[in-house]
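Enquirer: Let's see this in three dimensions:
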Amino acid sequence: MPDSFFSICIGRQYGSGGRMVGRKVAERLGATYYDSEILDLAARESGLCREVFERSDERKGFFGAAFRAMSSFVGMGTAYPGQDRDVQLFELQAEAIRKAADEANCVFIGRAADYILRDRPFRLSIFVTADEPDRIRWVCSHDHVGDREALRLMERIDERRAAFYSLYSGKTWGAAASYDLCINTSKVGIDGAAEIIAESIKSIQP
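Expert: Next up is the predicted model:
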């Protein structure tokens, strides 16, 4: 039964290690890990190309035009009559997330999955953060940039994530009140964060 599966939904600051935390949680619990993989699922379910969903994750504006171009070919232009096409793309992605959550224990990274699955009984929403110096060091190493460019990247990517989350959930991205649990990886580490989350989901399962 779908209600017997758990879903762990992780929002994260850029450079906080949220993706690594999610992978470790999935490994510990034997759950299916979804990050960009959910875009592949949404593409398969809808018949749209993956790039359309990638653009919808990144910046508002482009994908409305892209979707209009695609919809004339795949017949999806009236899938949700009266809705903005940006919202239609989000709904298609949301359907893919709900389908995945119906079929297995899952760890979802970003994409407002916590809002999409808000009515599920065994859903845990997490926000992963880290101290700014640690985030800068990670971004410098990961993106091969200097400190100043790392800071600009962090700000730009987090602003985009905040706008996406707020647009579709009506909640404030990164605010403690928007989540069940907030974790600072600078304090507990990646493994420590994964352990906290793995233990926390056990407390809400039957």
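Enquirer: now the longest helix seen in the chain, how far from the centre of its chain.
Expert: Counting by DSSP state H, the longest helix found in the chain is helix 147-169. Distance of helix 147-169 from the chain centroid (CA atoms, centre = their mean, to the nearest Å) equals 13 Å.
Enquirer: Please identify the buried residues of it?
Expert: Under the neighbour-count criterion of 16 or more other CB atoms under 10 Å, helix 147-169 has A150, L151, L153, M154, D158, R161, A162, F164, Y165, S166, Y168, S169 buried. Just so you know, the C-beta spots here come from the backbone N, C-alpha and C atoms, and that holds for glycine as well.
Enquirer: Quickly note the distance from the last one to D143.
Expert: So the one you mean is S169. Distance of S169 to D143, computed by CB to CB, to the nearest Å: 28 Å.
Enquirer: again with the first one
Expert: For A150, the distance to D143 equals 7 Å [CB to CB].
Enquirer: now the buried residues of helix 147-169 as a markdown table including pLDDT?
Expert: Output for these, formatted as a markdown table (pLDDT from 0 to 100):
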| residue | pLDDT |
| --- | --- |
| A150 | 97 |
| L151 | 97 |
| L153 | 95 |
| M154 | 96 |
| D158 | 95 |
| R161 | 92 |
| A162 | 94 |
| F164 | 89 |
| Y165 | 93 |
| S166 | 91 |
| Y168 | 89 |
| S169 | 92 |
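Enquirer: Using CSV, list the CA coordinates for stretch 150-160.
Expert: This file holds the C-alpha atoms of stretch 150-160, laid out as CSV (Å, rounded to 0.1, in the frame of the first residue of the first chain):
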residue,chain,number,x,y,z
ALA,A,150,32.0,30.9,-4.8
LEU,A,151,30.0,33.4,-2.8
ARG,A,152,28.2,34.7,-5.9
LEU,A,153,27.4,31.2,-7.0
MET,A,154,25.9,30.4,-3.6
GLU,A,155,23.8,33.5,-3.6
ARG,A,156,22.6,33.0,-7.1
ILE,A,157,21.7,29.3,-6.8
ASP,A,158,20.1,29.7,-3.4
GLU,A,159,18.0,32.6,-4.7
ARG,A,160,16.8,30.5,-7.5
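Enquirer: Now do it: everything it contacts.
Expert: For stretch 150-160, the external contacting residues (CB atoms under 8 Å, 6 or more residues apart in numbering) are 13-15, 58-59, 132, 135-136, 139-140, 143, 145, 174.
Enquirer: and if you look at stretch 112-121?
Expert: Taking CB under 8 Å, 6+ apart as the rule, stretch 112-121 contacts 3, 7, 9, 11, 34, 38, 90, 94, 97-98, 101, 108, 123, 125, 164-165, 168-171, 178-179, 204.
Enquirer: Cross those against helices and list the overlap.
Expert: If you go by DSSP H, the contacts of stretch 112-121 have I38, F90, A94, I97, R98, A101, F164, Y165, Y168, S169, I204 in helices.
Enquirer: and which of these is nearest to V52?
Expert: When the ones in helices among the contacts of stretch 112-121 are compared for distance to V52 (CB to CB), F90 wins out at 11.8 Å.
Enquirer: quick one: the closest residue to the closest one other than its chain neighbours from R160, how far?
Expert: Closest residue to F90 apart from its sequence neighbours, by CB to CB, 6 or more residues apart in numbering: Y168 at 5.6 Å. Shown here: Y168 relative to R160, a distance of 13 Å by CB to CB.
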